[in-house]
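Could you work out the structure for the sequence below:
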Amino acid sequence: MVETRRQGAPARTVFMGTPDFAVPTLDRLLATQEVVAVLTQPDRPAGRGRHVRPSAVKARAEAAGVPVLQPASLRRDPSAVDALRALAPDVLVVAAYGLLLPPEVLGLAPGGALNVHASLLPRWRGAAPVAHAILAGDAESGVTIMRLDAGLDTGPTLARREVAIGPDETTGGLTARLAVVGADLLAEVLPAWLAGELVPAPQDDAAATLAPRLSAAAGLLDWTAPAEVLARRVRAMSPRPGAYTVQDGLRLKVHGATALPAAEPGGEPGLLVATPGGPAVVTGDGWLRLDRVQPAGGRPMPGSAWVRGRPEVLGGRLGLAAPEAA
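Predicted coordinates:
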């Protein structure tokens, strides 16, 4: 129980988060608790113009009139830790913050630090749990509310909620759904936690899997893999870092694709063929139809529009050379 607050009163809460995923949780806290400050990562360049922009969480917090702190590191900035301590929070709530919390921060609030994590822990500990769930072909994902400790998503759990992964769902779409699920679950769990009615359950470390951040290189499509595996990679890499192949030495981004059975036998992996629904690529098992692509220097377009403008690409091979920067 959080002894420094009157039972049933709104908890003095510090929220830590950065991307869109964290905004629904912040909104729930603004409606139900006393949010005394928000921590988010420093403003960074974004978009094609690389203009410096605030995070989604900063924009929402400022609109609500909540003080915002943006330390580059909590481990190397004692003044940020002192500022947190001066706020005398009852509890810290974290959702996709992106910075590690040192021990002095984890122990700062009587209610500890609760994390809204977008996976069914201990499966997919790390920075990219949604993408890894799709890559692996998991039938379900979900959200776990856990108490943070010094490890990487290793702390004891308070609650989990499962969500089925749709057959065409991308990382972006599933993340948006899980953001709402996580906000709802935290709203249910937090009052009971603060009232001392929940006992955290330790995770089974033997069942843990890791979900490290995916680099741009992870988006390269290997045409010797089965079409189903490649379709999952396209969905897992959407919207970032993006799936791609190589066409005439240049990067061809693949924003949408569908796995198909091979309409005819044979063909080297990477061979581009025509289908009634658009161009498809021969893979190690089946064909991958390119539903939406983006040529180097161009805009996203349907795969059918791309081959109408460049019919000579049919019959050629994709992925034969390292791509130039695009």
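
May I see the buried residues of the helix or strand harbouring residue 37?
Using DSSP states H and E, residue 37 sits within strand 34-39. Buried residues in strand 34-39, counted by 16 or more other CB atoms under 10 Å: 35, 36, 37, 38, 39. Bear in mind the C-beta positions are built from the backbone N, C-alpha and C, glycine included.

which residues touch it?
Contacts to strand 34-39, defined as CB atoms under 8 Å, 6 or more residues apart in numbering, come from residues 10-17, 26, 29, 57-58, 61, 64, 66-71, 80, 83-84, 87, 89, 97.

Can you show me the helices along this protein?
In the chain, helices defined by DSSP state H lie at 23-32, 56-63, 78-86, 103-106, 129-135, 171-194, 227-236, 303-309, listed in chain order.

so which of these is the most packed in?
Burial of the helices of the chain is given as mean neighbour count (mean count of other CB atoms under 10 Å); helix 129-135 ranks first at a mean of 25.

chain center to that one: distance?
Relative to its parent chain, helix 129-135 has a centroid offset of 8 Å by CA atoms, centre = their mean, to the nearest Å.

In CSV, could you pull the C-alpha coordinates for that helix?
C-alpha atoms of helix 129-135 as CSV (Å, rounded to 0.1, in the frame of the first residue of the first chain):
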residue,chain,number,x,y,z
PRO,A,129,7.8,-6.7,-28.7
VAL,A,130,4.9,-6.1,-31.2
ALA,A,131,7.1,-6.5,-34.3
HIS,A,132,8.8,-9.7,-33.0
ALA,A,133,5.4,-11.2,-32.2
ILE,A,134,4.3,-10.7,-35.8
LEU,A,135,7.7,-11.9,-37.2
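
circling back to that earlier point, make TSV from the helices of the chain and add distance to residue 141 and mean pLDDT to it.
Converted to TSV, those look like this (distance: least, CB to CB, whole Å; pLDDT from 0 to 100):
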stretch	distance to residue 141	mean pLDDT
helix 23-32	16	98
helix 56-63	21	98
helix 78-86	31	95
helix 103-106	26	96
helix 129-135	5	98
helix 171-194	6	98
helix 227-236	12	98
helix 303-309	28	97
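
which stretch among those comes nearest residue 114?
Of all these, helix 171-194 sits nearest to residue 114, with 6.9 Å by CB to CB.

So which elements touch that closest one?
Counting contacts by 3 or more CB pairs under 8 Å, 6 or more residues apart in numbering; DSSP states H and E, helix 171-194 packs against helix 23-32, strand 91-95, strand 113-117, helix 129-135, strand 140-147, strand 157-164.

I'd like these as JSON lines, with distance to residue 298 appended.
Below are these laid out as JSON lines (distance: least, CB to CB, whole Å):
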{"stretch": "helix 23-32", "distance to residue 298": "32"}
{"stretch": "strand 91-95", "distance to residue 298": "36"}
{"stretch": "strand 113-117", "distance to residue 298": "37"}
{"stretch": "helix 129-135", "distance to residue 298": "25"}
{"stretch": "strand 140-147", "distance to residue 298": "33"}
{"stretch": "strand 157-164", "distance to residue 298": "35"}
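
No more questions from me, cheers.
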